[in-house]
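> One predicted model, sequence on top.
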Amino acid sequence: MKSLRNILWLGLKELRSLFSDIVLILFVIYAFTWTVYSQATGTSNEVNNASIAFADEDGSTLSKDLASSFYPPRFQHPLPIQPDQVEDAMDRGKFMFVVTIPPNFEHDLRAGRRPDIQLSIDATAMQQAGIGAGYIKNILNQRISTFLLRMDPESAQPADLVVRKMFNPNGVSAWFSSVVAIINQLTLLTIVLTGAAVIREREHGTLEHLLVMPLTAFEIAIAKVWANGLVILVATGVSLFLVVKAVLEVPFAGSHALWFGGVVLYLFFATALGMFLGTISRSMAQFALLIVLVVVVLQLLSGGSTPVESQPTWLQRLTYILPTRHFVSFSQVIIYRGGGLRAVWPQFLMVAAVGLAFFIYSVSLFRRSIAVTK
Amino acid sequence: MAAPQQVSTGDDEGPVVSVEDVTHHYGKVVALDHLSLQVPRGLMVGIIGPDGVGKSTLLALIAGSKKMQGGRVHVLDGDMASVKHRRAVCPRIAYMPQGLGKNLYLELSVHDNVDFMAQLFGLSKSERQTRIKELLDATGLGPFHARPAGKLSGGMKQKVGLCGALVHEPDLLILDEPTTGVDPLSRRQFWTLIDDIRKDRPGMSVIISTAYMDEAQQWDWIVAMDAGKVLSTGTPAELMERTGTKDLEKCFIALLPEEKRLGHKGLVIPPRNTENTSIAIDAKGLTRRFGTFTAVDHVTLSIERGEIFGFLGSNGCGKSTTMKMLTGLLPPTEGSATLFGNSVEAGSIEVRNNLGYMTQAFSLYEELTVRQNLVLDARLYHIPADKAKERIEALVDRFGLRPHLDVLAGDLPMGQRQRLSLAVAVLHEPKLLILDEPTSGVDPVARDSFWELLVDLSRNEGVTIFVTTHFMNEGMRCDRISLMHAGRVLACDAPQKLIDDRGAESLEEAFIGYMEDAIEENAAPPAPASKAAAEHVATEEKAAQPSKRDRAPVIPLPLKRMFAYCRNEAIQIRRDPVRLAFAFVGSAVLMLVFGFGITTDVEDIRFAVSDRDQSPESRAYIDQFKGAGQYFKTEPAVYSDEEGLERLQSDDVSVLLEIPPRFGRDMRKGSEPEIFAQVDGAMPYRAETMAQYTRGVHNNLLNDPGLGITEVPPKQASVQERYMYNPTFESIYSIVPSVPALLLILIPAILMTVSIVREKELGSIINFYVTPTGRFEYLIGKQLPYVIIGMINFFILAGLAILVFGVSVKGSFLVLTLCTLLYVIVTTGVGMMTSTFTKTQVAAVFITAILTIQPSVQFAGLLQPVSTLEGSARAIGTVWPTTYYMHASLGTYTKGLSAPLMMKDLLVLGVMIPILLGISAIGLKKQDR
């Protein structure tokens, strides 16, 4: 009972300290609103507004028809280009794609000679290059098929493939990127807030003051967890309902309660990690570098930027212990696929376990860290 | 102590400092209230007054370190509000701010700290060498010249600060409480040093604020201040005559207005009742070692209940460490300690409930108000609410904290903070008080009221008090004191007994006697060393002679100062190997993680089939997917729609193929059966790629008659893809060259911003305020080392890219190196810019991280070309330096672009440098607020 009261008062103190730093609060708000919004609307993993050029050596009706089948928003209007300028234009980064149509293309096609269309791709733009090339091939093939069908009704395909994208039928990037943006901001802010709170307490000697009081290291630590966690939880809620659902109109298929339950578990991990980093680093400068190292790894290997399945097997085994990976994964299950607890409990368990490990370790380090600093 | 100078010398050239009608506010608090003051030239002037009456503010204004708000301050015949005069006059002023070693660089050695100040004032190398040697020898710091300032005791830090202030031979020396928290021996050495310097430079004026009245009594001229106003000025003798008192301490109290005296009267200590007492603190052979250094060496103490036990000793002798062991904060290496018979190590809650501890440095929440701090502690000690209220009210009155109740603790002046700390320490009525220098920086009235309380607690409530102090008159008030030096207890007895034992006149003399004996004992060996040092000086002086002729500096002064800052920063970084290791090893690790981890190649797609046909055609169709190499990975088949959905939901499979019944028969009949593919669309990019792969396999099947689905291939054109620059289309060739662009902004920006904000937070930025250093000298000087770190990082990353990832450089590495140089200057510039509007290191790290991570990762073309971004993302991406560097890096490694194609990147980065530097320079304040 006494212990609970201690945790309550210590946590309230933590909130007071936090709210006395106006700049910090403003940045929490900035991070959870504007940053999320701009990342969701500005970036897309889709091909969007891609630059394309046509080197048309045929000049037939069909080749002109092909060029006119590319239009915004996915593609910019194709620009005509001379065949010998293709390399130079691509070197300058003017176009991502150049389609070269050979002489006598239409004629050869009708004769069934399977003429080659050349598609040059700037392969350094990884995400767009692959998908974009696929789109272009599809569009070209379809146009050609339609053209041939008009000429010769017998040339129909023997079977058809209907691809249906589940959970996000139109493949809207913002659905995914907005949630990933929340996860990323949440990770960064929680770790920085908690870690900085620990360092500030140590640098200002207040941790020493607390440790001679009738308080346990556990009480001090758990108070930090709940206070910092609560602030971020509220910010996450605001961000989800206001930015993601209201402004960006992203549907939420599963249970809100379940997702927030997962967020709470994840916040436990993130606050514990922040405390751990704050305890092991001796100065703010060291902490800053650790943050960069840890947060960027947590964010980029989580599966939010590139699919986890694409990582080499040895790396996938390592990233299995990253709670961010499980967070991204269960968020996908709950928010898009509408899965229930049965589908996500292993991820929940893993996040909680890693969080607990960090928590226990930092509590045990608390007292020792005093001896180290002086 | 200072010999009083001839007062007449002062009146020759008019006042050295003339303050007219100066007012200064901090928010609503008035620090100086229409204050006017004329300080005569060439004197030793003392400013005395209670805590928080504006002494420090006045000194900072005179030194030109604080921005003026109202009134006029003339120093050395010029207006301090004028930038021109400040610049011209600052080499003639030396200012040492309040706080032990506040303007020192803790990582720098004693010598380097002083040398740095000398460089800022443009002394030549030979001048510096002789001058520093003189000063260090005079202060007795010679043997410690290589020790980092952070490892010095408080008294030694003050001496280093003084050396730094004196190194350029100023005409006006301003010292803000220079001896607060300094032990008597060091204090005596300090004043002897000042006297010696004044003998050499009789024209020098010295202005000092102090809490030690016995020191001030020796000076030429005294300014007594209260509540932002001057109470009285004159020689100590005049002041004492005016008030009819015998010493300055009493005189000062008499000068105060009635309500400030808090009913002050002489402190009387009733004798202690020594009948049937028990032992409160029992320490046996307490020892603490830090590495090879023994901080506390077999200390044995036994303190009775209700006793006031004084702990006196030189700075850094292990007093605080002993206290920490007694409170259980620090486990002893050897020996044991018990409080009221309970072991401290067990750290039981019971023991801590009975303990009040006050640390040497202020250790309360600066961001909470005085009241909030008190209430928080009352709650944590579980004092019932009504009782807590009563207790807080009583303490607030007792310590005179009422006017400050709702002020943030961080905004309190030093003396008020100490009062608050003590109030907090006694709040829960502990049976034992451990107080580490509770009265440092507290004025005499407050100090006496402190002691009244302590005496009351000890005599009437039986509280045991264990207290350290540097004030000898406080030592005299203790029942017993122990003298400590270098980790050992030299003597322990009643104060009068100690004086008698040594046959000394006062406790101070007895103390210094004990200490000098102890130092002599230890100091036998270093004699030859100092001889060698002396010879060294002699030869250096000889060497210095000829060079004095060509005094015309070869390097212009601003450049010299810039290099001084640069060198300073470089030494600090070198002394912090952890930071360096992070910068290099960290970025290498990140490079490996990213290179292997960020890949847009979609592989191993888990797919399952629901085959409702089970014909040879359907099996042939499925086999084609199974045979698609690394792209598809077969999972067990699905038998119902519900099962299929569930497995998609739980991410068990990503692609679900549904082959309709009668698929084979319809194919043969030519009635175009439809196959369904359900693709997990949660991650749109991956979904699209998977959909395309599926279509690809499907098209292959239909177009290749050998696969058993079709007999004649349909008419069609074939699209030949040519993946330029990266023929195998592997992520590695685009990611690996992009990663350095990320790392070379994150790490340099954060390091840079922390390095500047750290100075603001710890106080060493004052050196920038009060020296002639210009904004650009300061900024560029601090930037250079980080640019070098960035460049080394670049070469490490390039090595990794080539050797580990096998990504070859197709373009001109030289152009890329040039581009990197510009880029690193820009990225450190970003850090510089964020440092101008952040005050704490926390905020600086936080803001720099948020500001740099997102645009660099999302908007600079790492995963998505900037040309395809939209809205604000596009705008940010267009002005963000990473965009251009990423283009150049990718261009050099993968595309093999020629130099002219990279001119735009070079140009844009080049233009950003002066912009960022300009903004930073405008944002950087040359004075404190």
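Okay, I see it. Predicted model, so just to flag it, every value in this text is computed and none were measured. Numbering: from 1, shown residues only, chains lettered A, B, ... in the order given.
> Walking through the stretch 201-350 of chain A, point out its helices one by one.
Under the criterion DSSP state H, counting those that start in this stretch, the stretch 201-350 of chain A carries helices at the ranges A:206-211, A:217-238, A:256-280, A:284-300, A:313-319, A:323-331, A:341-373.
> Return the most buried member of those helices.
Highest mean neighbour count among those (mean count of other CB atoms under 10 Å in any protein chain shown): helix A:323-331, with a mean of 25. (Each C-beta comes from the backbone N, C-alpha and C, glycine too.)
> What helices and strands are in contact with that helix?
Here helix A:323-331 touches helix A:173-203, helix A:256-280, helix A:284-300, helix A:341-373, going by 3 or more CB pairs under 8 Å, 6 or more residues apart in numbering or on different chains; DSSP states H and E.
> which residue packs closest to the closest residue to chain B within chain A, ignoring adjacent ones?
The minimum distance from chain A to chain B, using CB to the nearest CB, falls at residue A:42 (2.2 Å). Leaving out its chain neighbours, the residue that sits closest to residue A:42 by CB to CB, 6 or more residues apart in numbering or on different chains is residue B:873, at 2.2 Å.
> Please name every helix or strand in contact with the helix or strand containing that neighbour.
Taking DSSP states H and E as the definition, residue B:873 sits inside helix B:871-879. Counting contacts by 3+ CB pairs under 8 Å, 6+ apart, helix B:871-879 packs against helix A:36-42, helix B:841-858.
> Tell me which of the ones you listed sits nearest to residue B:152.
Between residue B:152 and the helices and strands packed on helix B:871-879, the tightest spacing by CB to CB is seen for helix B:841-858, at 22.7 Å.
> tell me the angle the closest one makes with helix A:284-300.
With axes from the mean of the first three to the mean of the last three CA atoms, to 10 degrees applied, the angle from helix B:841-858 to helix A:284-300 works out at 30 degrees.
> avg pLDDT for helix B:841-858?
Per-residue pLDDT values over helix B:841-858 give a mean of 83.
> Tell me the residues on the stretch 251-400 of chain B that lie near chain A, please.
For the stretch 251-400 of chain B, the residues in contact with chain A (CB under 8 Å from any CB of the partner chain) are B:320-321, B:324, B:327-331, B:349-350, B:352-353, B:355, B:357, B:359, B:361-368, B:372, B:376-377, B:379-382.
> Generate a ChimeraX selection restricted to the buried entries among these.
Restricted to buried positions by 16 or more other CB atoms under 10 Å in any protein chain shown, the ChimeraX selection for these reads:
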select /B:320,321,324,327,328,329,330,352,355,357,359,362,363,364,365,366,367,368,372,376,377,379,380,381
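> Tell me which of the residues of the stretch 251-400 of chain B next to chain A fall in helices.
Using DSSP state H, B:320-321, B:324, B:327, B:349-350, B:352-353, B:372, B:376-377, B:379-380 are the members of these that sit in helices.
> Can you tell me which of the residues you listed is closest to residue B:778?
Using CB to CB, residue B:320 comes nearest to residue B:778 of these, at 34.7 Å.
> related to what we said a few turns ago, dump the helices of the stretch 201-350 of chain A to CSV, plus mean pLDDT.
Below are the helices of the stretch 201-350 of chain A laid out as CSV (pLDDT from 0 to 100):
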stretch, mean pLDDT
helix A:206-211, 85
helix A:217-238, 93
helix A:256-280, 94
helix A:284-300, 82
helix A:313-319, 88
helix A:323-331, 93
helix A:341-373, 84
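> could you pull out the helices for the stretch 551-700 of chain B?
B:557-575, B:577-581, B:587-597, B:616-626, B:641-649, B:663-669, B:684-703.
> returning to that earlier point: and the contacts of the helix holding residue B:873?
For helix B:871-879, the external contacting residues (CB atoms under 8 Å, 6 or more residues apart in numbering or on different chains) are A:38-39, A:41-43, B:855, B:858-861, B:866, B:869, B:883.
> what do you get if the cut-off is 10 Å, keeping everything else the same?
The contact list for helix B:871-879 (CB atoms under 10 Å, 6 or more residues apart in numbering or on different chains) reads A:34, A:37-44, A:49, B:854-856, B:858-861, B:864-870, B:883-884, B:908, B:912.
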